[in-house]
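Asker: This is a predicted model, with the sequence first.
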Amino acid sequence: MLFFCRSVMKSRRSALLILILMIITTLITDAPTVIAPLRGSAVLPCSVICSGVVRWTVFRKRSDVLAECDQTSCRSVKEGYQMIYNQYLQGNLSLIITEADYSKRDWYTCECDGRDICDVRLQIEPLNSTVQKISGDSLVMRLDVSDPVQVIYNSSTGAAAGSSDQICTVDGESLQCKPEYKHRTSLLSVLELRGVNESDSGVYTVIDTINKEVIHIYTVTVTDVQQSWIWKDGYERGYRDGYRTGLAAGGAGFGISFLVLGFIFGWCAWSRRIHFSRN
């Protein structure tokens, strides 16, 4: 009987703990989110009249005060965080983060005389990179954060165009990739995909799996090396033809003007050769 009662009490404690965690999670989830550019400034809003001491902390480190205000002044306790005294007197208790980076992504709490009044989440705006590659090159993707990440690939070519697929996950020094990518990838401080070709064109998205945040988006276009030489050959031929036409029409002065036409001729020659090479 005693064992049964202890089991019931233990189950009640566990259920109560789960309920408390659910309530806390719900409150945090409903809190506003501020998205700041990498290494830009961020303002975490909080508008409440408080005549006492106001402190900002990180939610999971409540004893670690970042900035605080009282009726006499405001103080930056940690470098990179500040509050404005005149705003505090008017009920604007916002926290200013002077340089937001990935290490500052977190939940922040503002308290008035020890009572929580605002919770705000800080995220970093995803980086966007446009990459041009030639077949056979390596695609290098920065991971930017130490948290575990996954790389999602959205194809832009062939029958798979528009499809989305997780191709790799990175956790510290551990790299796990799908079989078709395993022999082409390596991990140093970046993720390298070797020997890219036209079918690798598309969008690669690096996602922080712990915080569920997009870190970096790579829009990649891979050009076949043969097409690159076709363009170069067509451009050079058009350049020469335009220059010779300019000289024949009136000397070097007119030749400079016709160099522009040479570029156009080169473009047309390249486009025509591309058309015939595909057909």
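Answerer: Sure, I can see it. Numbers count the residues shown, from 1 in each chain.

Asker: Leaving out sequence neighbours, find the closest residue to Gly158.
Answerer: Ser199 (5.9 Å; C-beta to C-beta, 6 or more residues apart in numbering). Just so you know, the C-beta spots here come from the backbone N, C-alpha and C atoms, and that holds for glycine as well.

Asker: Show me where this protein has its helices.
Answerer: Ranges of helices within the chain are 2-29, 85-89, 179-182, 225-250, 252-278, based on DSSP state H.

Asker: Mind telling me which of those helices the model trusts least?
Answerer: Mean pLDDT is lowest for helix 2-29 among these, at a mean of 45.

Asker: start to end distance for stretch 89-109?
Answerer: Terminal residues of stretch 89-109 are spaced 19 Å apart (C-alpha to C-alpha, to the nearest Å).

Asker: tell me which residues of that stretch are tucked away?
Answerer: The neighbour-count check on stretch 89-109 (16 or more other C-beta atoms under 10 Å) flags 92-97, 100, 102, 104-105, 108-109 as buried.

Asker: so who does Val145 touch?
Answerer: 102, 208, 215 (C-beta atoms under 8 Å, 6 or more residues apart in numbering).

Asker: tell me the domain boundaries of the protein?
Answerer: Residue ranges for the domains of the chain, per automatic domain parsing: 31-124, 127-223, 226-278.

Asker: residue contacts, the closest residue to Arg62 other than its chain neighbours?
Answerer: Spatial nearest neighbour of Arg62, chain neighbours left out: Thr109 (7.3 Å); criterion: C-beta to C-beta, 6+ apart. Taking C-beta under 8 Å, 6+ apart, we find Thr109 in contact with 56-59, 62, 116, 118-119.

Asker: which one of those is nearest Ser186?
Answerer: Closest to Ser186 out of those is Val58 (35.3 Å), distances taken as C-beta to C-beta.

Asker: Glu173: neighbour count?
Answerer: Residues within reach of Glu173, counting by other C-beta atoms under 10 Å, total 7.

Asker: Could you measure from it over to Ile49?
Answerer: Going from Glu173 to Ile49 by C-beta to C-beta, to the nearest Å gives 50 Å.

Asker: related to what we said a few turns ago, the domains of the chain: lowest mean pLDDT?
Answerer: The weakest mean pLDDT among those belongs to domain 226-278, with a mean of 51.

Asker: and the closest residue to Asp113 other than its chain neighbours, how many residues sit next to it?
Answerer: Residue nearest to Asp113 in three dimensions, not counting chain neighbours: Gly52, with 3.8 Å by C-beta to C-beta, 6+ apart. By the criterion of other C-beta under 10 Å, Gly52 has 12 neighbours.
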